[in-house]
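Engineer: can you look at this prediction? I've put the sequence above it.
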Amino acid sequence: MSKTALLLVDIQNDYFPAGDWALHGMEQAAENAASLLASAREAGQMVVHIRHENPSPEAPFFRAGSHGADIHSAVTPTTGEPVLTKARPNSFVDTGLLDLLQEAGIEALTLCGAMSQMCVDATARAARDLGFDVTVVEDACAARAMVFGGVELSAQQVHAAFMAPLAMSYARVVSTAEVLKA
């Protein structure tokens, strides 16, 4: 069995154009994630789906029990693929993810999903700190534009600002084509 697992982080309906917290490029990111998913399944790799739920009914998105909190149809889990629910950006916090990966003998993680600046970043950094070899598939991730200190950042700028430091010391940051070619 492969020692690499594919981790799909928060590819949920609210992040798509009709959702409550739409991200720039989410449809393309999901299409790329679907290609990674098909490849991982074909190779017999472990696949883990992570979904975020906000417990408050007043939350702006991913409200528990809502259609927006459901995993998007582009990456629907199949029988036997674990689906873990989290309430924090780091996919390892209170989810059992670490135990699941360790029990399966996983040494390397390939990550994709959303948002680049939150859950993908937090999960990639935590995975590396926990000793996993981490690959982030940047074009299978999506970000949202932000404003801080009066500075407006486009989604592309936010995405790049998070991928660059991940590539510097936390992960191998690659494209979907590079992963599929390997």
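Structural biologist: All right, it came through fine. Numbering: from 1, shown residues only.
Engineer: burial count for Ala177?
Structural biologist: 12 (other C-beta atoms under 10 Å). Where C-beta positions appear, they are placed from N, C-alpha and C, glycine not excepted.
Engineer: quick one: the one helix or strand Leu109 maps to to chain centroid distance?
Structural biologist: Using DSSP states H and E, Leu109 sits within strand 108-114. Taking C-alpha atoms, centre = their mean, to the nearest Å, one finds strand 108-114 lying 5 Å from the centre of the chain it belongs to.
Engineer: hmm, who's touching the longest helix anywhere in the chain?
Structural biologist: The residue-count maximum for a helix in the chain (DSSP state H) belongs to helix 26-43. Contacts with helix 26-43, where a contact means C-beta atoms under 8 Å, 6 or more residues apart in numbering, come from 2, 6, 8, 11, 15-17, 23, 46-47, 72, 74-75, 78, 110, 112-114, 137, 139-142, 176, 179-180.
Engineer: quick check: buried residues in that helix?
Structural biologist: Buried residues in helix 26-43, counted by 16 or more other C-beta atoms under 10 Å: 26-27, 29-30, 32-37, 39-40.
Engineer: where does pLDDT dip in this protein?
Structural biologist: 1 (pLDDT under 70).
Engineer: in it, which strand is the longest?
Structural biologist: strand 133-142 (DSSP state E).
Engineer: skip ahead from that one and say which helix or strand is next.
Structural biologist: Assigned by DSSP H and E, the successor of strand 133-142 is strand 146-148.
Engineer: state the next helix or strand along the chain beyond that next one.
Structural biologist: strand 151-153.
Engineer: buried subset of the contacts of helix 26-43 as a PyMOL selection?
Structural biologist: Buried members of the contacts of helix 26-43, defined by 16+ other C-beta under 10 Å, are picked up in PyMOL with:
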select buried, resi 6+8+11+15+16+23+46+47+72+74+75+110+112+113+114+137+139+140+141+142+176+179
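Engineer: Gln117 is in contact with Ala145, isn't it?
Structural biologist: No - applying C-beta atoms under 8 Å, one finds Gln117 not in contact with Ala145, separated by 10.2 Å.
Engineer: and the buried residues of helix 26-43, which is closest to Ala59?
Structural biologist: Met26 (18.6 Å; C-beta to C-beta).
Engineer: against Ser154, how distant is that closest one?
Structural biologist: Going from Met26 to Ser154 by C-beta to C-beta, to the nearest Å gives 15 Å.
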